[in-house]
Every structure is written in C-alpha cells, then in structure tokens.
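Participant: structure for the following, please:
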Amino acid sequence: MDEMTTDAPKEKDHAETSTTTVPADPVDDVVTTEHTLRIGRAHLAYTATTGRIVLREEVYEDGAFTGLKAKAEVFITAYVAAASGDTPRPVTFAFNGGPGSSSVWLHLGLMGPRRVVSGDVGTLAAPPYGLTDNLQTLLSVTDLVFIDPVSTGFSRTVSGGKPKTYHGFTGDLESVGEVIRLWTTRNNRWLSPKFMAGESYGTVRAAALAEHLQTRRGMFLNGVILISSVIDLGSIGLHEPED
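Facilitator: Numbering: from 1, shown residues only. This next block holds a predicted model:
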C-alpha cells in the first residue's frame, strides 16, 4: 500500500504590516563650475553655481520652538567673478515677471555671461538655438544671482506643500526676499553693494522687495533696475489706468 502524506497548512510566521514611505527632508543641492570669459583683451574668470536652496519655516508646539520645517525649494543660478582688490564687488539679484515666469529671459537673453543665439528683431533664427559668450554681460561690473520664484522654472514646494501660498503678492515677496537673505548671508556679501533687477511684473516685485528687505531684514539696496516697468498694472490693459 502506497504511503500517504498530508501537507498541513503553513502558519504565517509574521504578521502583515503596512509601511508608509516618508519623504527625506530636502537639503540644499547646488553645484559650482569654473569658467573664463574673454571680453576684448581682458579675461574674466568666474564661477557658476546653480541648484536649489531650501526655504524653511519655524515650527512651534504649545508655544515652544521645536525646529525648522522645509516648505519650498527655490532654484537659482549665481555668477561670481574672481575678486580683484579689497573692495567688495557689487551683486545684482535678477528675476523676470509674469507673474509665473522663470528668470531664464534675463539670464540667457540679456545679463548672463552666456546668451542664446536667436538672431535680431525682424530676423529671428529658427530653433534649435545655440549659446555664445555674451560680451555685454553685466558680470563685468557686478556679480549676478538669477532667482526662479516658487512654481516657476525648477522651483517647487516640498511634498505636501501648498503652491498657492506663493502665488499671491505677499507669499511671492517673502519667499524671494528669504532667498536673497540666505544667499547674502551664506556667501558673506552683506558688505557688497546690492542691486535688484526686475522685468515686467518683476518691477513690482523689485520695488516691493526694496522696502521689504530694508524693514524686515535690515538690508539696504544701492539701486533698483526696472525693465519694461508695469508699476501701474492698469496701464497694460485696454482700459484707462487705475491711478
């Protein structure tokens, strides 16, 4: 008679558990490269630093400070020329407008050490476009920091964040102002002459930042550059200005 075997049900040796992946706390993520630009007979050595800066907010529980919590990551590109002498070089913080535009237009179309080759007005070239040295770059007289406000370019809120927090006048103003404060502090540039350059809606932001940085951060600007100004927003419509 054949031997009969019976397989008993196997008992589970561990309880099923559910796991939830917690996103890692974001940190600043920037890279720096070295370059040289020839302007006439002169050579301008500079560094290019680009990446995301994390903005954080203070957290309190029962009235007690418990730490800092990441709220957004802001993308910047900073060009810093090699220092010559003891006098601090000026630094200019630049951004476009929209609202909703990144700083790519001022960066690669006007101020940066490299620019897009697109032809001139009336003779625009077809894509794809190349890059060339910008012999009229402002880097010859001032260091440059291009800022993409939250929800433009590569700037975003952290996981679970609320983008709309930064889409209004105040949220936009405070976040860009915080980026400027952080960059200035971390790069030891408080003694440098500081300028602001804004285009279109960026002129509204620049004008407001001049007051915001002075009263809230103790930072005094040496000048504000307004490009394609729309301080009077009513003037850009088909109706009469509002003021």
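Participant: give me the secondary structure label for G109.
Facilitator: helix (DSSP: H, G, I helix; E, B strand; the rest coil).
Participant: I figured it was touching S103, is that so?
Facilitator: No: the pair G109 / S103 is not scored as a contact, 10.1 Å apart, by Cβ atoms under 8 Å. Heads up, the C-betas are built off the backbone N, CA and C, glycines and all.
Participant: between the two, who's got more neighbours?
Facilitator: The neighbour comparison of G109 against S103 (other Cβ atoms under 10 Å) goes to S103, with 30 against 14.
Participant: just give the nearest non-adjacent residue to the more buried one, would you?
Facilitator: By the measure of Cβ to Cβ, 6 or more residues apart in numbering, the closest residue to S103 outside its immediate chain neighbours is F146, 4.1 Å from it.
Participant: what's in contact with the host helix or strand of that neighbour?
Facilitator: Assigned by DSSP states H and E, F146 belongs to strand 143-148. Applying Cβ atoms under 8 Å, 6 or more residues apart in numbering, the contact partners of strand 143-148 are 74-81, 89-95, 102-103, 106-107, 111-112, 138, 154-155, 176, 179-180, 183, 192.
Participant: quick revisit: burial check on the residue nearest to S103, number of neighbours?
Facilitator: F146: 26 neighbours (other Cβ under 10 Å).
Participant: now the one 4 residues further on
Facilitator: Residues near V150, counting by other Cβ under 10 Å, number 24.
Participant: got the contact list for it?
Facilitator: Contacts of V150 by Cβ under 8 Å, 6+ apart are 72, 74, 156-157, 163, 166, 171-172, 175.
Participant: could you redo the last one with a cut-off of 6 Å?
Facilitator: Listed by Cβ atoms under 6 Å, 6 or more residues apart in numbering, the contact partners of V150 are 72, 166, 175.
Participant: okay, the spatially closest residue to it that is not a sequence neighbour: pLDDT?
Facilitator: In this structure, V150 finds its nearest non-sequential neighbour in Y166, 3.8 Å apart by Cβ to Cβ, 6+ apart. According to the prediction, Y166 has pLDDT 92.
Participant: just G119 next, same as before
Facilitator: Note for G119: predicted pLDDT of 82.
Participant: same question, T6
Facilitator: T6 carries a pLDDT value of 50.
Participant: same question, E58
Facilitator: Confidence at E58, expressed as pLDDT, is 87.
Participant: cool, P23 as well?
Facilitator: pLDDT, read off for P23, is 70.
Participant: and for the one 3 residues further on?
Facilitator: In the prediction, the pLDDT value recorded for P26 is 88.
Participant: could you do L173 as well?
Facilitator: 95.
Participant: got it, and L135?
Facilitator: 95.
Participant: again with G67
Facilitator: Per-residue pLDDT puts G67 at 86.
Participant: what do you get for S140?
Facilitator: Listed pLDDT for S140 reads 95.
Participant: so how far is T165 from it?
Facilitator: Going from S140 to T165 by Cβ to Cβ, to the nearest Å gives 38 Å.
Participant: so, low pLDDT: which residues of the protein?
Facilitator: The model of the chain has pLDDT under 70 over residues 1-22, 233-243.
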